[in-house]
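J.: any chance you could fold what I've pasted below:
(2 chains, ligands or ions: 2)
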Amino acid sequence: MEESMETKEAVPEGDSETRKTSIEKSAEKIKVRIENVNGWYGSKRAIKDVNLDIKEKSVTAFIGPSGCGKTTLLRCLNRMHEMTPGAHADGRVVLDGIDIYDKSIDPVVIRRRIGMVFQKPNPFPTMSIFDNVAAGLRLNGMRNKTIIREIVEESLKNAALWEEVKNQLEQPGMSLSGGQQQRLCIARALAMQPEVLLMDEPTSSLDPIGSSKIEELVRILKDSVTIIIVTHNMQQAARVSDFTAFMYLGDLIEYGLTNQIFMKPEKELTERYISGKFG
Amino acid sequence: MTSPSSKNSRYISSLFVVRKKRGDHLFYGLVIGAAAYTLLMVGLVGFSVTRGSVDIFLAEGIEFVFQSNWNAVEGREAFGAFPYIIGTLLSSAIAMVIGVPISLGIAIFISEIAPPRIGTPLSFITELLAAVPSIIYGLWALFVFRFWVRDLIEKPLYDAFGGYIPFFAKTPFGLDIFTAGIVLAIMIIPIISSICREVMRVVPDSQREAAYSLGATRWETIRMAVFPYVKSGIVGAAMLGLGRAVGETILVTMVIGNVIGPSAIPTSFFSQGQTLASLVANEFNEASSDLHLSALIALGLILLVLTMGINVVARLLVKKKIKASSGAKSQ
Ligand SMILES: Nc1ncnc2c1ncn2[C@@H]1O[C@H](COP(=O)(O)OP(=O)(O)OP(=O)(O)O)[C@@H](O)[C@H]1O
Ligand SMILES: [Mg+2]
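T.: Numbering: from 1, shown residues only, chains lettered A, B, ... in the order given. Ligands and ions are numbered 1, 2, ... in the order given. Next up, the predicted model:
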């Protein structure tokens, strides 16, 4: 009860406006602009009027208690939500000035530019390691074997998996450990050379070593890719992200530079979540 | 305080151990028994059919399989299974060629494309159709469908190709191998598509999402994420359908024309024919001699061997194909 009261008082309009301008000043270009996005499962509104600007070549973390809508919001960004029966979204998601919800936009094209890594590693079980990484390229009509080979190698290197698999590229993707499979999935997404990479709790099924490898990876990748990462791990958010968005019960409560959010959050709810008082 | 409770707990735990073991044994026994049952049935059926066929193979030798005469008149008895083997294979092949693609299409539509509000009733209807007894299909085919086949499919094919493609060169009549194949296809489509749909439903959504996230279209997703997962299941479903088609008796008897002897060797799709099962059904009641009876049982034996053979070959093919596709680039 008490918490939901706080939620209401936690979103006064003017306040988020000032915060928004401070973020706009802090970095260069806005890659993804989320405007008044609502996400629905049937008649249930899972995310409510979210406004958020994602900076190019930065890492943005979505945090918040379970069920608050992080995954839903993430899936709204590459129209993956359309794959859930009964789900729909409204509002605008603007990628480089183009509203991806526009009727004239083919979601297939959007997903080629916005890659996604899922919570559970999901390599294609019947494909080899090599074919898994090459899958997206072949899908898009790439036939040149040399180029495919080069991109596969580069992607595996970028995903910090190359050294471990370079002598077993023809083994099935499923023969890898969980953490390796997750990096394989990252490599698969990277091979498409996405401009934005959405990662939904990419380390939740990994051990500390696997997790830190992926965190390391995220830090390196942000030189070339805009990354949005959902995480339950506060330390992880603090370590890898430049910006943090805190969500609660479908609302975006607070958004700002990660340092600020973690050092002196403006909302009491954020403060309580970050200090582990609930969630 | 301590002694009774520890005594109790010891009693309970010992009871527990005994009970658990007994339950285990019982379960184990039941399962082994059930497994043994299948072996026993194969053995029993195989043995009876083989023993029943001994007479005819003694009389005709292996030639029984390759010759075409069929004469039950005493003193001039001659029996050969060849035309019926061909009839069986041809009618089933027609059924598979027509039935498998359609079944796949139905399964893909229901599980991958249709929204639940259409897919659910549709899959219910398919399952309902799968439960319709074959005699119903047979009656409908005999009284209604064969005329459609003759006028709408066979005649046009005959007019177009009859002149130069021998497969279509025979005045269509409506009661022939082609009709039997089509009706068999109609019969096995619900079965194959139900199983295929069930198999596709097992594919985890995470696989589809993996493909979608790479920018795959719906069809590409099916090809990339669904098919590789269900390939062997689809072959299994097709085999089950083939098994039904090869062994189907009453329906085939009603529409295939029931010819006997050398003229039962089809020269065209539109020939009247006979299958192993339909001949057994047609003549079993009036088998005039022990040799005749033995010949009919031997047809059953051939049918049994044929079904098993098809199954084994199909399984080998699948295995080889999977190996080939996963090992193709490993050299
Ligand atoms: N497929 C679905 N159908 C109906 N409701 C759903 C579906 N998926 C999620 N929801 C609901 O939407 C809300 C937000 O879910 P979402 O998965 O986005 O949360 P989350 O923040 O990602 O949680 P977690 O941290 O546990 O992954 C939840 O209340 C959930 O019950
Ligand atoms: Mg989630």
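
J.: briefly note if stretch B:197-205 comes near ligand 1.
T.: No: taking C-beta under 6 Å from any ligand atom as the criterion, stretch B:197-205 and ligand 1 are apart, separated by no less than 9.8 Å. (Each C-beta comes from the backbone N, C-alpha and C, glycine too.)

J.: hmm, who's touching that stretch?
T.: Stretch B:197-205 is contacted from outside by A:83, A:122, B:106-108, B:110-112, B:123, B:126, B:225-226, B:229-230, B:233-234, B:236-237, using C-beta atoms under 8 Å, 6 or more residues apart in numbering or on different chains.

J.: PyMOL command for the buried members of those residues?
T.: Applying 16 or more other C-beta atoms under 10 Å in any protein chain shown to the contacts of stretch B:197-205, the buried members can be selected in PyMOL as follows:
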select buried, (chain A and resi 83+122) or (chain B and resi 106+107+108+110+111+112+123+126+225+226+229+230+233+234+236+237)
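
J.: what's the next secondary structure element after the helix or strand hosting B:Trp140?
T.: Here B:Trp140, judged by DSSP states H and E, is contained in helix B:134-140. Using DSSP H and E, the next helix or strand after helix B:134-140 towards the C-terminus is helix B:146-148.

J.: list the buried residues of that following helix.
T.: B:Arg146.

J.: one more: stretch A:95-107?
T.: So, applying 16+ other C-beta under 10 Å, buried residues of stretch A:95-107: A:95, A:100-101, A:107.

J.: which residues in the stretch 51-200 of chain A form strands?
T.: Assigned by DSSP state E, counting those that start in this stretch, the strands in the stretch 51-200 of chain A fall at A:59-63, A:87-95, A:98-99, A:114-117, A:196-200.

J.: re earlier: so which of the contacts of stretch B:197-205 sit within strands?
T.: The strands, defined by DSSP state E, take in nothing from these.

J.: all helices of the chain, in order?
T.: Since no chain was named, I'll use chain A. Here chain A has its helices, by DSSP state H, at A:2-9, A:13-26, A:70-76, A:107-113, A:129-139, A:145-158, A:162-165, A:178-190, A:208-221, A:234-240, A:258-263, A:268-274.

J.: was after chain B, sorry
T.: Using DSSP H, helices in chain B cover B:2-60, B:63-66, B:82-108, B:116-130, B:134-140, B:146-148, B:155-161, B:177-201, B:205-213, B:218-221, B:227-247, B:250-255, B:276-283, B:290-327.

J.: does chain A sit close to the fourth one?
T.: In other words, helix B:116-130. Yes: applying C-beta under 8 Å from any C-beta of the partner chain, one finds helix B:116-130 in contact with chain A at B:Pro116.

J.: still on that earlier bit, is it possible to export the buried residues of stretch A:95-107 to TSV including distance to chain B and pLDDT?
T.: Converted to TSV, those look like this (distance: C-beta to the nearest C-beta, whole Å; pLDDT from 0 to 100):
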residue	distance to chain B	pLDDT
A:Leu95	14	93
A:Ile100	13	93
A:Tyr101	17	93
A:Pro107	8	91
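
J.: can I get those in TSV with distance to A:Ser275?
T.: Listed next are the buried residues of stretch A:95-107 as TSV, based on distance: C-beta to C-beta, whole Å:
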residue	distance to A:Ser275
A:Leu95	35
A:Ile100	36
A:Tyr101	37
A:Pro107	40
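
J.: mind picking the two most distant members of those residues?
T.: The most widely separated members of the buried residues of stretch A:95-107, counting by C-beta to C-beta, are A:Leu95 and A:Pro107 (11.9 Å).

J.: what does the stretch 1-150 of chain B have sitting close to chain A?
T.: B:115-116.

J.: give me the number of residues near residue 170?
T.: Picked chain A for this. As a burial measure, A:Glu170 scores 15 neighbours (other C-beta atoms under 10 Å in any protein chain shown).

J.: please go with chain B instead
T.: Neighbour tally, B:Lys170, other C-beta under 10 Å: 19.

J.: OK, contacts around it?
T.: B:158, B:162, B:267-271.

J.: could you check how far the residue in the stretch 151-279 of chain A that ligand 1 sits nearest to is from A:Leu249?
T.: Closest contact between the stretch 151-279 of chain A and ligand 1, by C-beta to the nearest ligand atom, is at A:His232 (6.0 Å). Taking C-beta to C-beta, to the nearest Å as the measure, A:His232 falls 16 Å from A:Leu249.

J.: of all the helices of chain A, which one is nearest B:Arg208?
T.: Taking these one by one with C-beta to C-beta, helix A:107-113 is closest: 12.5 Å.

J.: okay, A:Ala27: pLDDT?
T.: Per-residue confidence at A:Ala27 stands at 49 (pLDDT).
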